[in-house]
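In: Predicted model and sequence follow; I will ask about them next.
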Amino acid sequence: MTITLSNERITMAEARTAKLDGTPIAKKTLEVARLHHADLIVIETHTSRYEFTLLNPVMREGVLSGGVLEARIVSVKWSGTVIRSALNDFFDRKILSCGGRALFHVVNGRYPNNFLVTSPIVRLFVQ
């Protein structure tokens, strides 16, 4: 089985090896269903960097820091990605992708029961 990462194809074994040795894996799109407990997803926008550590892959829950949160760490649930196209915007609950905006529901912290929406994503990494 092969997967596409940043316009190049690598095998799943190569991806697992890269992940095990700590090398970040750059991606254009992440399928949330393929992520695992303790995966660190780095989300970069033009001006910010967010780090989302996945603690419950089934419920898409974890902790988020960076960006407008700065050094604060808040519990969140990743809700989906808002993707803008030439015709309209749509919401995708299955993928996180460059060009889209990540939407997180803040579970606790300074702003409980609020949403955090990132600026458009320019880079994604899994560590």
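Out: Looks like it came in fine. Nothing here was measured: the structure is a model prediction, and the numbers come from that model.

In: Distance of Arg93 relative to Val63?
Out: Remark: distance between Arg93 and Val63 (Cβ to Cβ, to the nearest Å) = 20 Å. Quick note: C-beta positions are derived from backbone N, CA and C, even for glycine.

In: actually Phe52, sorry about that
Out: To Val63, Phe52 is 7 Å away according to Cβ to Cβ.

In: swap in Arg84?
Out: Separation of Arg84 from Val63 (Cβ to Cβ): 27 Å.

In: More neighbours: which of those two?
Out: Neighbour totals were compared for Arg84 and Val63, and Val63 leads with 15 against 12 (other Cβ atoms under 10 Å).

In: That one and Asn56, how far apart?
Out: Separation of Val63 from Asn56 (Cβ to Cβ): 11 Å.

In: residues contacting the nearest residue to Arg49 once chain neighbours are set aside?
Out: Spatial nearest neighbour of Arg49, chain neighbours left out: Gly66 (5.1 Å); criterion: Cβ to Cβ, 6 or more residues apart in numbering. If you count contacts by Cβ atoms under 8 Å, 6 or more residues apart in numbering, Gly66 has them with Ser48, Arg49, Tyr50, Glu51.

In: Next, give phi and psi for Gly67.
Out: Gly67 has phi and psi values of phi 60, psi -130 when expressed as degrees, to the nearest 10.

In: Just to check, it is in contact with Tyr50?
Out: Yes - here Gly67 reaches Tyr50: they are 4.5 Å apart, a contact under Cβ atoms under 8 Å.

In: As a check, name the ranges of all helices in this structure.
Out: Assignment of helices within the chain using DSSP state H yields the ranges 12-20.

In: The residue nearest to the spatial centre of the chain pairs with what?
Out: Closest to where the C-alpha atoms of the chain average out (Cα atoms, centre = their mean) is Ile41, at 4.9 Å. On the basis of DSSP bridges, Ile41 is bridged to Phe52, Val126.
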